Structure formats: C-alpha cells, structure tokens
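>>> Provide a 3D model corresponding to the input given below.
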Amino acid sequence: QAHLVESGGGLVQPGGSLRLSCVASEFTFSSFSFYRMSWYRQAPGKERELVAIITPTNTTTYTDSVKGRFTISRDNAKNTLYLQMNSLKPEDTAVYFCNAASPVIPQEAQDRFGSWGQGTQVTVSS
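You can find the predicted model right below:
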C-alpha cells in the first residue's frame, strides 16, 4: 500500500527526548492524507505493541504508558508522520515501527494488512 522509511532513533538518557519521523511514498490508495498512521514498538523478547494512532481527521489515541509523554502528528504536505517522545524511560527502549493503513482496512486488522517500515532503534539508558 505504501513505502515507509523511519528515522530519528538513537541513544538518549532517561528524561531525554527524541523525535521520530516516518516518510511515506508509493501509495496505492489515493494519498497520504487518507491513511490511518500508527507507531508501534517492539522491545527485545516482547510482542509488538501499538503506541499511538492518528487518523485522517487527526484524531489521536495512545497506549496508557506513553500518555502525556508522547505526541503523534502528521504533515500531509510532506507525507510524513512524527512521534515526539519526551521524558523517556528505560522501558521505552525498543525498535519503533510506523504503519500505514488505508481506510478499507479496519483498525483491528492494520497490523496484518497495513504497510510497515524497517524500524528505528530507540535506546534509553544512562
């Protein structure tokens, strides 16, 4: 459905901040603005976890563990998804992936049928 490339990961101390980006291209369904975009993460030895979602109408939802610390946003003119991460904790350490789902894919199926990027590593450590 789309080609996704994440960037912005790295090593940061606890309490620090990072901003992840995900640039989208090669859409098979209209344009970026119609896609439901999400950030997931997967820590070593753990299952992939949905972190945040932003809909085409800019409605956002977050998993409880990141509420008040992370902000998902999008720039449709730049075909780019962002995740601003503040007050980072060691438990935020994971590979972060973006996911793009066209409107025909229900939210509960986006992990199976949406498009994925290659991921970017975020490590929170002193």
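>>> show me where the chain has helices.
Along the chain, counting by DSSP state H, helices occupy 110-113.
>>> any stretches of it with poor pLDDT?
Counting by pLDDT under 70, the chain shows no low-confidence range.
>>> so what's the residue most central in space within the chain bridging to?
Nearest residue to the geometric centre of the chain (CA atoms, centre = their mean): Trp39, 2.0 Å. Using DSSP bridges, the bridge partners assigned to Trp39 are Ala52, Cys98.
>>> tell me who's in contact with it.
20, 22, 50-52, 72, 81, 83, 96-99 (CB atoms under 8 Å, 6 or more residues apart in numbering). C-beta coordinates here come from the backbone N, C-alpha and C atoms, glycine included.
>>> quick one: which of these is the most crowded by neighbours?
Highest neighbour count within the contacts of Trp39: Cys98, with 30 neighbours (other CB atoms under 10 Å).
>>> nothing else from me, thank you.
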